[in-house]
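>>> Output the structure for:
(chains A and B)
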Amino acid sequence: MRAQSAKGPGAPRPAEPPQSPKGTHDILWPESVRWERLIGTFASLSERAAYGLIQSPLFEYAEVFRRGIGEGSEVVGKEMYEFADRDGKMLALRPEGTASVVRAYVQHRPPLPWKAWYVTPAFRHENPQGLRYRQHHQVGVEALGASDPDLDVEVISIADDFFVALGLRRYELKINSMGDEVCRPAYVELLRSVLLERRAELCDEHWERLEANPLRVLDCKRAACREATTDVPRLVDSLCEPCATHFSRVREGLAALEIEAVLDHRLVRGFDYYSRTTFEFASAAITASQNGIGGGGRYDGLVEMLGGPATPGIGFGIGIERVLGACDAEGVFPLDTPALDAFVVDVAGGACARDLTAELRRAGLRADRAFDGRSMKAQMKLADRSGARVALIVGPDELAAGTVSLRPLRTASDQQIVALNDVIAVVAALREDER
RNA sequence: GUGGGCGUAGCUCAGGUGGUUAGAGCGCCAGGUUGUGGUCCUGGAGGCCGGGGGUUCGAGUCCCCUCGCUCACCCCA
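Numbering: from 1, shown residues only, chains lettered A, B, ... in the order given. Have a look, this model is predicted:
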């Protein structure tokens, strides 16, 4: 008998069930099957290009992100999960992938060029909305040690190949160059002076931005601001010779690989570490306002910022939730769950269910069974729902004869009697037939 | 951080202007079929109607507060 909590006036109130924190989600089976397949697809594409998996801690000393991403960025300034460790040192949950990977490079100094891929949660304290979470997940790559524009092309093509592999078609690749420490400061000054003349046309929130980071005014969505910045000088026209050459080589390379990229001179990404090439993939199928499915760029100064030797680098992050959202919107990358090879129905005491499922599994077959001595009808129902190809039925008759009744559940074939010794071979053969 | 919308069963949702014991579909469990699932029939379990306070003879319904979810702004994956 199960102990029932007494109901009535004196009964203690059951505690309210806890919920996952705001902006976080559980991914249950079978939805988790798509995650496994998505990550597996990304891993295989990255490893094909000689990127190796990196696992690094989910939290870092907060200064890794402060120095890397930038004190003035929105993410570090007001969204980072930051807390004091028990010994008082400030830690932070990773808000994005790149800074940790670069920190790991500086710490271990593997031979260059060094190419790594990752899959990781990322944490930002934002107000959640459609396809925006406090914990989201990214796959990504980082490549350090080469400033060759062909490396930019390689990195971008991995992302593009990944989207193609999933079946996505309705997305756009936007690309821009942020220049470098030679040409960008001059452009920023130029832009600031032009925008100061037009400050009356800009929305108020940009006024202080003009001082700190005039570039960010360019990506404002408001029509008035866009109007005021349409004929403003463009960063791509102010690049120094090396940056201009690099950028055109990148564009040539993408064209050679038949990857369509549109120049977006307003593309100004939010982390301070970017230089030269920046890019972003946006889904046209997602109706929610958050349609950026991936983005990245070159960060030639970042390794130095984190205390390493001058080392160029480039990478991207792709948001798993948003990519799956785009797949849903396009009706691609459907969920398909792998079938069980067999479900053992035992109405003769249960010993056979125990032993036969173990044998099937040791033989590399996928098998399940029912517990708690359920009725045959109930067990058959579970067998059906499990998606198994066949039910292996063992009752007193079979037990006495040393056989199993093999009942197909997905086809109209007849039920057959199989010797217990042959069951594994027969089930394995059925699996092969299916392929 | 700032606004709008919504909270009723495991899920999706009904419940005109307050009025007996709060409903449906799906799902779950059992039986019909004591050895056969998927169809069908019958029955059953499962609800502090998000929480608290107020108005009222009476609140799922009206008012206030609060929490949660959600969409949008900001920003980003």
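>>> can you give me the offset of the lowest-mean-pLDDT helix or strand in chain A from its chain's centre?
For chain A, using mean pLDDT, DSSP states H and E, the weakest element among its helices and strands is helix A:207-212, scoring a mean of 72. Averaging C-alpha positions (Cα atoms, centre = their mean, to the nearest Å) puts helix A:207-212 33 Å from its chain's average.
>>> What residues sit buried inside whichever helix or strand comes after it?
Using DSSP states H and E, the helix or strand that follows helix A:207-212 in sequence is helix A:223-229. Using 16 or more other Cβ atoms under 10 Å as the test for burial, helix A:223-229 gives A:225, A:228, A:229. Using the backbone N, CA and C atoms, a C-beta is placed for each residue, glycine as well.
>>> on that earlier part again, is the least confident helix or strand of chain A up against RNA strand B anywhere?
No: applying Cβ under 7 Å from any atom of the strand, one finds helix A:207-212 separated from RNA strand B by no less than 7.5 Å.
>>> Chain neighbours aside, what residue packs nearest to the residue of chain A found nearest RNA strand B?
For chain A, the residue closest to RNA strand B is residue A:270, as judged by Cβ to the nearest atom of the strand, at 1.4 Å. Nearest residue to residue A:270, sequence neighbours excluded (Cβ to Cβ, 6 or more residues apart in numbering): residue A:73, at 5.5 Å.
>>> before we move on, back to that, now for the residue of chain A closest to RNA strand B: which residues touch it?
Going by Cβ atoms under 8 Å, 6 or more residues apart in numbering, residue A:270 touches A:73, A:74, A:75, A:216.
>>> so where's chain A uncertain?
A:1-15 (pLDDT under 70).
>>> Verify the contact between residue A:165 and residue A:43 for me.
No: with contact defined as Cβ atoms under 8 Å, residue A:165 does not count as touching residue A:43 (11.5 Å).
>>> follow-up on the earlier one: let me know the distance separating the residue of chain A closest to RNA strand B from residue A:69.
Going from residue A:270 to residue A:69 by Cβ to Cβ, to the nearest Å gives 8 Å.
>>> overlap in contacts of these two?
residue A:75.
>>> Pull up the pairing partners for the strand or helix carrying residue A:122, direction included.
Assigned by DSSP H and E, residue A:122 belongs to strand A:114-123. Looking at strand A:114-123 with DSSP bridges, its partner strands are strand A:52-53 (parallel), strand A:135-144 (antiparallel).
>>> Quick one: name the residues of the stretch 201-350 of chain A near RNA strand B.
Checking the stretch 201-350 of chain A against RNA strand B by Cβ under 7 Å from any atom of the strand, the hits are A:205, A:216, A:219-222, A:269-271, A:280-281, A:287-295, A:317-319, A:321-322, A:347.
>>> same thing but at 6 Å, please
By Cβ under 6 Å from any atom of the strand, the residues of the stretch 201-350 of chain A that approach RNA strand B are A:216, A:220-222, A:269-270, A:288-290, A:292-295, A:317, A:319, A:321-322, A:347.
>>> now swap in the stretch 51-200 of chain A and tell me
A:74, A:96, A:124, A:126-133, A:136, A:138.
>>> Between those, which sits nearest residue A:187?
For these, the closest approach to residue A:187 (Cβ to Cβ) belongs to residue A:74, at 21.8 Å.
>>> Ignoring the adjacent residues along the chain, who's closest to the closest one?
residue A:270 (6.0 Å).
>>> Next: residue A:194.
Nearest one to residue A:194, counting by Cβ to Cβ, 6+ apart, is residue A:232 at 5.5 Å.
>>> need the contact list for that neighbour.
A:191, A:194, A:195, A:218.
>>> Cross those against helices and list the overlap.
Using DSSP state H, the subset of those located in helices is A:191, A:194, A:195.
>>> Was I right to think the second one contacts residue A:233?
Yes: the pair residue A:194 and residue A:233 qualifies as a contact (Cβ under 8 Å) at a distance of 6.5 Å.
>>> between these two, what contacts are shared?
In contact with both residue A:194 and residue A:233: no residue, using Cβ under 8 Å, 6+ apart.
>>> The residue nearest to residue A:74 - that's part of a helix, no?
No: going by DSSP: H, G, I helix; E, B strand; the rest coil, the assignment for residue A:270 is coil, not a helix.
>>> does residue A:173 have beta-bridge partners, and which?
Under the criterion used (DSSP bridges), residue A:173 bridges to residue A:281.
>>> residues contacting it?
A:156, A:160, A:254, A:259, A:260, A:261, A:262, A:279, A:280, A:281.
>>> isn't the fourth one right up against residue A:159?
No: in this structure, residue A:259 is not within contact of residue A:159 by Cβ under 8 Å, at 9.4 Å.
>>> of the two, who's got more company?
Per other Cβ atoms under 10 Å, whichever of residue A:259 and residue A:159 has more neighbours is residue A:159, with 26 against 17.
>>> Which strands or helices does the helix or strand hosting the more buried one pack on?
Element membership of residue A:159 [criterion: DSSP H and E] is helix A:149-166. Packing contacts for helix A:149-166, counted by 3 or more Cβ pairs under 8 Å, 6 or more residues apart in numbering; DSSP states H and E, involve helix A:31-48, strand A:135-144, strand A:171-177, helix A:241-256, strand A:275-283, strand A:292-298, strand A:313-319, helix A:320-330.
>>> Residue A:136: how many residues sit nearby?
With other Cβ under 10 Å as criterion, residue A:136 counts 22.
>>> oh sorry, the question was meant for residue A:128
14.
>>> residues contacting it?
A:22, A:23, A:134.
>>> Could you save those as JSON lines and add columns showing neighbour count?
JSON lines is the format used below for these (neighbours: other Cβ atoms under 10 Å):
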{"residue": "A:22", "neighbour count": "10"}
{"residue": "A:23", "neighbour count": "17"}
{"residue": "A:134", "neighbour count": "19"}
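>>> can you redo the residues you listed as JSON lines with distance to residue A:36?
Output for these, formatted as JSON lines (distance: Cβ to Cβ, whole Å):
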{"residue": "A:22", "distance to residue A:36": "26"}
{"residue": "A:23", "distance to residue A:36": "23"}
{"residue": "A:134", "distance to residue A:36": "23"}
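>>> how much space is there between residue A:143 and residue A:180?
As for residue A:143, its distance to residue A:180 is 18 Å (criterion: Cβ to Cβ).
>>> Same drill for the two, tell me which one is more crowded.
Between residue A:143 and residue A:180, counted using other Cβ under 10 Å, residue A:143 has the larger neighbour count: 26 against 18.
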